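Undergrad: sequence unavailable; structure follows:
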């Protein structure tokens, strides 16, 4: 059994020793991320617990495989959950009153859906050419077209824009061609 499967099974079984291990190895990084992004200790704890619950629920439903390290996967789940929390709080006006989520199950389902989309995106990104990966990484990191021209030694920004467009199209086609895509469309 791989380490990843071992940790997922431990979450399913509720093995307190293994869960403490997961917590000790992974929580400090998650806490650091949440604290650096407008969160508090309690927020980090909530996000971490939700991530573990999300992984356990998803693994119980479908024995999925983690293609990177468990630690990297768990951190990505936590980052996505925290970003989702930040986006939700941006859209709420509370007048000083705490508003509890109306439907925790729907929220969990949407989080799992987002995680599956992210996995499909990253897997598809690995299938495109190294040149396109490099271009899209710069594009997603919001590197200017002028800087892409310099980094990739293109003749002009027009060429850089065309390459970004072609690479994004190539990635989009790979994602749309994947059999999982229909199940991951917006609800």
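TA: Great, that's in hand. Owing to the predicted nature of the structure, the values given are computational and were not obtained by experimental measurement.

Undergrad: every contact and neighbour count from this point should use C-alpha atoms.
TA: Noted.

Undergrad: contacting residues around residue 5?
TA: When contacts are counted by CA atoms under 8 Å, 6 or more residues apart in numbering, residue 5 touches 65-66.

Undergrad: residue at max distance from the center of the protein?
TA: Within the chain, the residue lying farthest from the chain centre (CA atoms, centre = their mean) is residue 155, at 34.8 Å.

Undergrad: these two touch, right, it and residue 149?
TA: Yes - contact between residue 155 and residue 149 holds when scored by CA atoms under 8 Å: they sit 6.8 Å apart.

Undergrad: picking that back up, local confidence estimate at the residue farthest from the centre of the chain?
TA: With respect to pLDDT, residue 155 scores 93.

Undergrad: quick one: secondary structure of it?
TA: Using DSSP: H, G, I helix; E, B strand; the rest coil, the structure places residue 155 in coil.

Undergrad: quick check: the gap between it and residue 148.
TA: 10 Å (CA to CA, to the nearest Å).

Undergrad: same question, residue 31
TA: Using CA to CA, we find residue 31 at a distance of 34 Å from residue 148.

Undergrad: can you check residue 154 too?
TA: 8 Å.

Undergrad: which neighbours do these two have in common?
TA: Counting by CA under 8 Å, 6+ apart, the shared contacts of residue 154 and residue 148 are residue 160.

Undergrad: ok, those two, which is more surrounded?
TA: Neighbours per residue (other CA atoms under 10 Å) separate residue 154 from residue 148, with residue 148 holding more: 21 against 14.

Undergrad: contacts only, for residue 168.
TA: Applying CA under 8 Å, 6+ apart, the residues contacting residue 168 are residue 136.

Undergrad: per-residue confidence for it?
TA: Residue 168 is given a pLDDT of 87.

Undergrad: what is the least confident helix or strand in this protein?
TA: Scoring the helices and strands of the chain by mean pLDDT, DSSP states H and E places helix 104-127 at the bottom, with a mean of 75.

Undergrad: surely residue 51 meets residue 79?
TA: No - using CA under 8 Å, residue 51 is not in contact with residue 79, being 9.4 Å away.

Undergrad: so between those two, which is more surrounded?
TA: Legend: neighbour count by other CA under 10 Å for residue 51 and residue 79, higher for residue 51 (24 against 19).
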